[in-house]
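> sequence below, structure please.
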Amino acid sequence: MANTVLDYEAEAAHYDRTRGGVPRARAAADAVLSLVPPGARTLLDLACGTGLVTERLVRPGLGVYGADAAHAMLRAAAERVPGRTVRADARRLPLPDAAVDAVSAVWLLHLVPFAPEIVAEAARVLRPGGVLIATVDKDAAHDVGSDIDAILRPYRSARRPSDGAGPVTAYAAAHGLDPAPGTHFAGHGQGATPRDTVRKLRAGYYASWFHGEQAETEALAAALTALPDQDRPRPDPRYRLAAFVRRG
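Numbers count the residues shown, from 1 in each chain. Coordinates of the predicted model:
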């Protein structure tokens, strides 16, 4: 069903291959590192998944750790960043107050209905001057103005996203985090094709914004199937990273 939330225990086996692989991960890691303060010594990567991005968050003097709630994801991450992963709910981190210099949350807030709690918890574990770095407006990033987007856009815009830049900025301000300059990066290898969009629609990949019944799902699938060049990738998305600095 289209409104099925993805099972990330099952997704772990093919997550990297279907999400842009190393090129996308490297672009994300480089963008995150560009926003980490020069003097930072510790970074916690929330919802680190398979660790594909985490293992690329490399800088002299910076210790990087990963946390995820899914066992299968962590098994993969533990092979990439051995000894530096923990199973944890992003709303209840096993850390004392003011424990780390940076927290990253890449492709997380759009997935959950409790983004304010994640931002609050990140603020709690950040030291004064520490930075929260998070992707925002992820669904909008996938609208590249293609023929696929013309069909999907009414459904994307019908619901306020949980990772909207405006709301996330408000959550951050409520917990002592001030906005700082952010950046963008390309989702290499993630340009959509009509055929794959139909597959993802039916498999529930768009559960963060599409909640149609089966009949509506099939009507959308039919419109996508009618598009030309079924296997030609459209342009890659361009993701936005926002940054927020802990007061004090």
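
> can you verify T217 is assigned to a helix?
Yes. Under DSSP: H, G, I helix; E, B strand; the rest coil, T217 falls within a helix.

> surely it meets R202?
Yes. Counting by CB atoms under 8 Å, R202 is a contact partner of T217 at 6.5 Å. C-beta here means a position set from N, CA and C on the backbone, and glycine is covered the same way.

> could you check which of these two has the larger neighbour count?
A direct count of neighbours by other CB atoms under 10 Å for T217 and R202 places T217 higher, at 20 against 17.

> how close does the more buried one sit to G166?
Counting by CB to CB, to the nearest Å, the gap from T217 to G166 is 29 Å.

> in the chain, spot the helix with the most residues.
Using DSSP state H, we find that the single longest helix of the chain is helix 21-35.

> buried sites along that one?
The neighbour-count check on helix 21-35 (16 or more other CB atoms under 10 Å) flags 24-29, 31-33, 35 as buried.

> tell me the secondary structure of the residue sitting nearest the centre point of the chain, please.
By CA atoms, centre = their mean, the chain has its centre lying nearest to W107, at 0.1 Å. Of the three states, W107 takes coil according to three-state DSSP.

> show me what contacts it?
W107 makes contacts with 47, 135, 138, 239, as judged by CB atoms under 8 Å, 6 or more residues apart in numbering.

> taking the residues you listed one by one, which sit in helices?
K138.

> any idea which of the contacts of W107 the model trusts least?
The member of these with the lowest pLDDT is K138, at 92.

> wait, that residue touches H110, no?
Yes. K138 is in contact with H110 according to CB under 8 Å; the separation is 4.2 Å.

> who has more neighbours, these two?
Neighbours were counted for K138 and for H110 using other CB under 10 Å; K138 has more, 23 against 20.

> mind jotting down where the strands sit in the protein?
For the chain, the strands defined by DSSP state E occupy 42-46, 63-68, 85-87, 100-105, 126-136, 177-186, 238-246.

> nearest approach to P161 belongs to which of those?
When the strands of the chain are compared by CB to CB, strand 126-136 sits nearest P161, at 8.5 Å.

> got the angle for that closest one vs strand 100-105?
Using axes from the mean of the first three to the mean of the last three CA atoms, to 10 degrees, the inter-axis angle of strand 126-136 relative to strand 100-105 is 20 degrees.

> thinking again about what came up before, including distance to V119 and mean neighbour count, could the strands of the chain go into CSV?
Shown next, in CSV, are the strands of the chain (distance: least, CB to CB, whole Å; neighbours: other CB atoms under 10 Å):
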stretch, distance to V119, mean neighbour count
strand 42-46, 11, 24
strand 63-68, 15, 23
strand 85-87, 20, 17
strand 100-105, 8, 26
strand 126-136, 7, 22
strand 177-186, 7, 16
strand 238-246, 8, 22
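
> ok, how many other residues are close to the nearest residue to D101 once chain neighbours are set aside?
Among residues not flanking D101 along the chain, A40 sits closest, at 3.8 Å (CB to CB, 6 or more residues apart in numbering). Neighbour count for A40, taken as other CB under 10 Å: 19.
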